[in-house]
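Output the structure for:
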Amino acid sequence: YQTLQSVEAGKTTFVMGVEFSPEEILVYREAKAGTQALTNRFITINLDCTLDQELIDEGLARELINRIQQARKSANLNVADRVKAVVVFEGPEKAQLEGVLLKHKSYIASETLAVDLSTNNNHPKAQPAAIVLETSCSIALEVQ
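Numbering: from 1, shown residues only. Sure thing, here's the model as predicted:
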């Protein structure tokens with residue numbers, strides 16, 4: 001690290017007893033495999049962009065929040081209305097999405113002003129919302 005700082009400062013550097021001037025050394029910065037990096041002369045920021053299950057689940061929770069918010073908008077609800085929300089999933093990722101909803105229930109409920117949030121296999125008032133992954137998502141809202 002000190003050698004790199006010396007080279008970047010334009011100073012003569014010794015490597016294994018051999019003297020090198022700043023013009024004789026070229027410094028290349030590149031991202032490690034599997035990461036994204038931004039760099040300039042003074043700093044390099046290296047981000048690990050690997051998605052683990054926790055990040056995927058958080059992203060799916062945000063998708064569910066978006067679908068519930070869209071359902072609130074379609075129902076012309078007041079911004080401050082508290083609701084009971086029932087989400088019906090139908091499709092190959094049903095179990096995964098139900099798990100995400102249960103795992104992040106308090107977060108989703110607080111973001112959507114849901115005093116009660118649940119899943120169900122069928123609900124007579126559930127309106128089609130949108131597809132999440134490859135699973136249809138229908139939502140029933142009841143103002144509390």
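
Pull up the gap between Glu19 and Thr12, please.
With distances taken as C-beta to C-beta, to the nearest Å, Glu19 is found 6 Å from Thr12. To be clear about C-beta, it is placed using only N, CA and C from the backbone, and glycine gets the same treatment.

Which of these two has more residues huddled nearby?
Thr12 (12 against 9; other C-beta atoms under 10 Å).

Assign Ile108 to helix, strand or coil.
When classified by DSSP: H, G, I helix; E, B strand; the rest coil, Ile108 comes out as helix.

any idea of the pLDDT on the spatially most central residue of the chain?
When C-alpha atoms, centre = their mean is applied to the chain, the residue found nearest the centroid is Gly59 (4.3 Å). pLDDT for Gly59: 95.

Look up how far Leu133 lies from it.
Distance, Gly59 to Leu133, using C-beta to C-beta: 11 Å.

And Ala37, by the same measure?
30 Å.

so Ala80, which of the three states?
Look at Ala80: counting by three-state DSSP, its state is coil.

That one - how many residues pack around it?
Other residues close to Ala80 by other C-beta under 10 Å number 6.

ok, back up a step: so where does the residue nearest to the centre of the chain fall, helix or strand?
Using DSSP states H and E, Gly59 maps to helix 53-74.

Now do the following helix or strand past that helix: everything it contacts.
Sequence-wise, the next helix or strand downstream of helix 53-74 (DSSP H and E) is strand 83-90. Contacts with strand 83-90, where a contact means C-beta atoms under 8 Å, 6 or more residues apart in numbering, come from 64, 67-68, 71-72, 77, 97-98, 101, 109, 112-123, 125-126, 132, 135-144.
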